[in-house]
Structures are given as structure tokens and as C-alpha cells.
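**Q** Need coordinates for the below:
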Amino acid sequence: MYVCHCNVVTDRDILESIANGARCVADVARQTGAGRTCGNCISSLRDLVCQHCPVRAERAVERELGVAGAAR
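**A** Numbering: from 1, shown residues only. A predicted model of the protein is given here:
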């Protein structure tokens, strides 16, 4: 599915970017070009990053488990 129509970026492109080390929306935008023209795709981009980024997922689990320092 197209996430960014302006720069023709798909959800697969975004997931590939995350697999290649992107850890935040800015990283994905730099690597794919998504979100750099009109900005309408930023919320979808953010959702994908939050759902699939291993670092963010790990932090969410830590917060749920109450691990010290995870709330920062």
C-alpha cells in the first residue's frame, strides 16, 4: 500500500528502512523520502515506525513491565 503518494513510498519501503536501521520517523524520511513534501503521510509513517521498530517495541514492553528507567 502507498503510504506517501508524493514520493511514491510504500509500506514495504518503510518496513525495509526499519529493517536497515531506521529507528524513528526522521530516519525513515531520510532513507525513503516519505513525509518530505506535503506531510499528509506523517501519521501513517509514525504508526508504522511505532508498530515495527524493534527499539520502540522493546521500550513499550519495558514500560508495561515497569522496568526502571523505561519511563524516560
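**Q** Look up which helix or strand the spatially most central residue of the chain falls in, please.
**A** Centroid check for the chain by Cα atoms, centre = their mean gives Val49 as the closest residue, at 1.9 Å. For Val49, the enclosing helix or strand under DSSP states H and E is helix 42-52.
**Q** list the helices and strands that helix packs on?
**A** Helix 42-52 is packed against strand 2-4, helix 11-19, helix 25-32, helix 54-65, with contacts defined by 3 or more Cβ pairs under 8 Å, 6 or more residues apart in numbering; DSSP states H and E. (Glycine included, C-beta is placed from N, CA and C.)
**Q** hmm, try it at 7 Å
**A** Secondary-structure packing of helix 42-52 (3 or more Cβ pairs under 7 Å, 6 or more residues apart in numbering; DSSP states H and E): strand 2-4, helix 11-19, helix 25-32.
**Q** residues contacting Cys24?
**A** Listed by Cβ atoms under 7 Å, 6 or more residues apart in numbering, the contact partners of Cys24 are Val49.
**Q** That concludes my questions; thank you for your assistance.
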